[in-house]
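**Student:** coords below, sequence missing:
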């Protein structure tokens, strides 16, 4: 957290991220408990709905995650 080390206040950083200072501190303390150095990663925010995905589980135990309904139909059609 270079900006924090450079003197940026928690409230300033939190305002830029759109969260409360308490939330930001909790995120960083939880993250540092798992690694040596906490990092924030950029995310892409979109108005488009997330694609709906399914998990296909066959009687044989085959498991395919993250497929669309069209994918499931094609897979099952290929098995017939």
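**Tutor:** Received the coordinates, thanks. Owing to the predicted nature of the structure, the values given are computational and were not obtained by experimental measurement.

**Student:** Just give me the residue right at the centre of this structure.
**Tutor:** In the chain, the centroid-proximal residue (CA atoms, centre = their mean) is residue 43; its distance is 8.3 Å.

**Student:** For this structure, which element, helix or strand, carries the lowest mean pLDDT?
**Tutor:** Taking mean pLDDT, DSSP states H and E as the measure, the chain has helix 21-34 as its least confident helix or strand, at a mean of 78.

**Student:** now the helices for the protein?
**Tutor:** Secondary structure of the chain (DSSP state H): helices at 2-5, 10-17, 21-34, 69-79.

**Student:** Would you format these as CSV with mean neighbour count included?
**Tutor:** All C-beta spots, glycine's among them, are computed from the backbone N, C-alpha and C. Conversion of the helices of the chain to CSV gives the following (neighbours: other CB atoms under 10 Å):
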stretch, mean neighbour count
helix 2-5, 10
helix 10-17, 14
helix 21-34, 13
helix 69-79, 11
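
**Student:** So which of these is nearest residue 51?
**Tutor:** Nearest of these to residue 51, taken as CB to CB: helix 69-79 at 10.2 Å.

**Student:** In terms of residue numbering, what are the domains of the chain?
**Tutor:** 2-34, 47-80 (automatic domain parsing).

**Student:** average pLDDT across the longest one?
**Tutor:** Read that as domain 47-80. Computed over domain 47-80, the mean pLDDT rounds to 87.

**Student:** and the end-to-end length of it?
**Tutor:** End-to-end distance of domain 47-80: 38 Å, with CA to CA, to the nearest Å as the criterion.

**Student:** Pull the distance from it to the chain's centre.
**Tutor:** In terms of CA atoms, centre = their mean, to the nearest Å, the centre of domain 47-80 is set 21 Å apart from its chain centre.

**Student:** Cool, thanks, signing off.
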